[in-house]
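Participant: build the 3D model from these lines:
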Amino acid sequence: MQTLTELISNPVFLWTDIFLFILLFTVISFAIYARGHTHLRRPWGYVIRNKLAVVMLSILSIYLIIGVLDSLHFNPIDKKQDGSEVVSSRILSIFDRLVEPLRLHQEKTYSAPLASHLFTKENLQLANGQQVRDYPKLSYGGQHLKPTDNKTVDLIKLALMGLIKACFIFILCCLLLTLKRPEKTLKTRLLGLFSAQNEIPVQVFIWSLLALLMIIFSSAEIAVKYHLFGTDKVGEDVFYQTLKSIRTGLVIGTLTTLMMLPVAIALGIMAGYFKGWVDDVIQYIYTTISSIPHVLLIAATILMMQVYISNHEADFGGLVERADLRLLFLCLILGLTSWTGLCRLLRGETFKLRELEYVQASTAFGVSHFVIISRHIFPNLLHIVLIALVLDFSGLVLAEAVLSYINIGVDPTTASWGNMINSARLEMAREPVVWWSLCAAFIFMFILVLAANLLADVVRDAFDPRLDKY
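Facilitator: Numbers count the residues shown, from 1 in each chain. Next up, the predicted model:
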């Protein structure tokens, strides 16, 4: 309740938050629009009826929920020693409050996943004054354990507690899903819910939901008592860093893709449809941009922006605002340099489509160019746009990791998988090897990219007019 009050009374609107919520509003508006139009409703109906797509949508929904919660920022209210309250200059998100134990439970330095002691030995002084070299006990990880407790048994108990909570939430979700079913008795409605004869594979969604709830609640129970993925050099929880990096990955993938998409579609269709000098000008533009090494262009613009911010610090807010501005600027630069491939692809496909009989017939009957492009050209390019959209999303998520690895990506203070991989570069070279930061970033990035690509395959088939799916 206090968090909601702080969000309402002291909201903070970062630039990436604004664009992310505009994007979310646009997607919801398009979904409402698509429901009333058969030519859009039927392909998306095909996607929802596909079992693989349902599983991938469930996974991507978890990433999206975390990203949205991490985009609701506010200034928290701190209490002074005299009991009075004051609005802090710190910026937190709803997600930070939900996982506050992970954020605040900071150790001294490295600790392995699920460990109760530090990863390296230190000189310890015993009660009798004798000094020994041993692994110090963590301040938070496994702190509840007594000397006689078995850590393995404790982990199993925490995991079982999470599974019980997951099953309870799962039962509630099933009961909610049965409310709109026409059957009279609860038993009949539940059996119908799990029936394989449903038009939409509800049973696949339900089992996916159960698996995700089990993973989430078991991980949450363990993460409160232990460091699930260990800690980094400064003792910060790696699991917390990995979850915070989800928002950065979504911002890089979605905002960058949508910045370049209108330019690529408009110029690609214009070049292929109008030909002549229009095609020559557009070819010259994207050939020139393609000839510039993207990494050098991105590095130059990022360095220019850093110099400008350093010379005009008063014009920008605190550290979080400056880091967010750099993230937005990186999205803009990546968008300006990544539209050429899709533009070239759409140009070639439009060349072929404009020579088809029904397009030539429309031209002969005097139909306007705008109507021909909107009704005949673009719908036949939509499957290419969608698959390129998701592939570019996956590529940009990976590009952020590469750019951060060479220190020209997001700000070092911003949680991102690229910064985690960059930090792991030195950790993998030490002895003993600190492997968990790299492993955690890789797992979460791999799941996001894989789910997006598998979903893109289904969406491509749904919107390809040359395939008989209905």
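
Participant: would you map the helices across the stretch 1-150 of the chain?
Facilitator: Listed in chain order, the helices of the stretch 1-150 of the chain (DSSP state H, counting those that start in this stretch) span residues 2-9, 15-35, 38-49, 51-69, 94-98, 100-104.

Participant: equivalent analysis for the stretch 201-350 of the chain, please.
Facilitator: 202-225, 238-274, 276-291, 294-311, 319-337, 340-353.

Participant: low-confidence bits of the stretch 1-150 of the chain, can you list those?
Facilitator: Low-confidence regions of the stretch 1-150 of the chain, defined here as pLDDT under 70, cover residues 1-2, 6-7, 81-83.

Participant: for residue 421, find the nearest of the helices of the stretch 1-150 of the chain.
Facilitator: Of all the helices of the stretch 1-150 of the chain, it is helix 51-69 that lies closest to residue 421, at 18.3 Å by CB to CB. For every residue, glycine as well, the C-beta is placed using N, CA and C.

Participant: what does the closest one rub up against?
Facilitator: For helix 51-69, contacts defined as CB atoms under 8 Å, 6 or more residues apart in numbering pick out 20, 24, 47-48, 93-95, 98, 200-201, 204-205, 208-209, 212, 216, 243, 246-247, 250-251, 447-448, 451-452, 454-455, 458-459.

Participant: distance check, residue 388 against residue 347.
Facilitator: 13 Å (CB to CB, to the nearest Å).

Participant: need the overlap of contacts for those two.
Facilitator: Between them, residue 388 and residue 347 share no contacting residue, judged by CB under 8 Å, 6+ apart.

Participant: show the pLDDT at the spatially most central residue of the chain.
Facilitator: The structure's the chain has its C-alpha centroid closest to residue 250; by CA atoms, centre = their mean the separation is 3.4 Å. At residue 250 the predicted local confidence, pLDDT, stands at 87.

Participant: what sits against it?
Facilitator: Contacts for residue 250 (CB under 8 Å, 6+ apart) come out as 20, 63, 64, 67.

Participant: could you report the distance from residue 353 to residue 157?
Facilitator: 62 Å.

Participant: which residue of those two possesses the greater neighbour count?
Facilitator: It is residue 353, of residue 353 and residue 157, that has more neighbours when counted by other CB atoms under 10 Å, with 21 against 12.

Participant: number of nearby residues for residue 72?
Facilitator: Neighbours of residue 72 under the rule other CB under 10 Å: 20.

Participant: hang on, the earlier thing: any quick PyMOL command for the buried ones out of the contacts of residue 250?
Facilitator: Applied in PyMOL, the following selects the buried portion of the contacts of residue 250 according to 16 or more other CB atoms under 10 Å:
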select buried, resi 20+63+64+67
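
Participant: from the contacts of residue 250, pick the one nearest residue 238.
Facilitator: Taking CB to CB as the measure, residue 238 sits nearest to residue 63 out of the contacts of residue 250, at 17.8 Å.

Participant: coming back round to it: weed out the non-buried ones from the contacts of helix 51-69.
Facilitator: Buried by 16+ other CB under 10 Å: 20, 47, 93-95, 98, 201, 204-205, 208-209, 212, 243, 246-247, 250-251, 448, 451-452, 454-455, 458-459, out of these.

Participant: show me what contacts the nearest residue to residue 237 once chain neighbours are set aside?
Facilitator: Once flanking residues are discounted, residue 237 sits nearest to residue 102: 4.7 Å by CB to CB, 6 or more residues apart in numbering. Applying CB under 8 Å, 6+ apart to residue 102 gives the contacts 223, 224, 237, 239, 240, 243.

Participant: what about residue 102, distance to residue 448?
Facilitator: Residue 102 sits 20 Å away from residue 448, going by CB to CB.

Participant: how about the secondary structure of the residue nearest to residue 326 when sequence neighbours are not counted?
Facilitator: Leaving aside its chain neighbours, residue 326 sits nearest to residue 411 (4.9 Å; criterion: CB to CB, 6+ apart). Under the three-state scheme (DSSP: H, G, I helix; E, B strand; the rest coil), residue 411 adopts coil.

Participant: now residue 411: phi and psi?
Facilitator: Residue 411 has phi and psi values of phi -60, psi 140 when expressed as degrees, to the nearest 10.

Participant: quick check: residue 240 vs residue 462, distance?
Facilitator: The separation that residue 240 has from residue 462, given CB to CB, amounts to 37 Å.

Participant: follow-up on the earlier one: the residue nearest to residue 326 against residue 328, yeah?
Facilitator: No: using CB atoms under 8 Å, residue 411 is not in contact with residue 328, being 11.1 Å away.

Participant: more neighbours: which of those two?
Facilitator: The residue with more neighbours, out of residue 411 and residue 328 and counting by other CB under 10 Å, is residue 411; that gives 20 against 16.

Participant: show me what contacts that one?
Facilitator: If a contact means CB under 8 Å, 6+ apart, then residue 411 has 322, 323, 326, 327 as its contacts.

Participant: with residue 349 instead?
Facilitator: Shown here is residue 349, whose contacts under the criterion CB under 8 Å, 6+ apart are 272, 380, 381, 384.

Participant: closest one to residue 255 out of those residues, please.
Facilitator: residue 384 (21.4 Å).

Participant: isn't that closest one right next to residue 345, touching?
Facilitator: Yes: at 6.4 Å, residue 384 and residue 345 qualify as touching, with contact defined as CB under 8 Å.

Participant: got the end-to-end distance for stretch 136-149?
Facilitator: Terminal residues of stretch 136-149 are spaced 17 Å apart (CA to CA, to the nearest Å).

Participant: show residues contacting that stretch.
Facilitator: 105-108, 111, 114-118, 122, 124, 151, 154, 225-227, 231.

Participant: what's the ChimeraX line that selects buried ones from those?
Facilitator: Buried members of those, defined by 16+ other CB under 10 Å, are picked up in ChimeraX with:
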select :105,106,107,111,114,115,116,118,154,225,226,227,231
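
Participant: any idea of the mean pLDDT in stretch 318-327?
Facilitator: Summarised as a single mean, pLDDT over stretch 318-327 is 80.

Participant: what are the buried residues along that stretch?
Facilitator: Applying a neighbour-count criterion of 16+ other CB under 10 Å, one finds 320, 322, 323, 324, 325, 326, 327 buried in stretch 318-327.

Participant: just send the residues you listed back as TSV, with distance to residue 393 too.
Facilitator: Written out in TSV, the entries for the buried residues of stretch 318-327 read as follows (distance: CB to CB, whole Å):
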residue	distance to residue 393
320	25
322	26
323	22
324	20
325	22
326	20
327	16
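
Participant: and the helix or strand where residue 455 lies, how far out from the chain middle?
Facilitator: Secondary structure here is read from DSSP states H and E; on that basis residue 455 sits in helix 436-463. The chain centre lies 10 Å from the centre of helix 436-463; the measure is CA atoms, centre = their mean, to the nearest Å.
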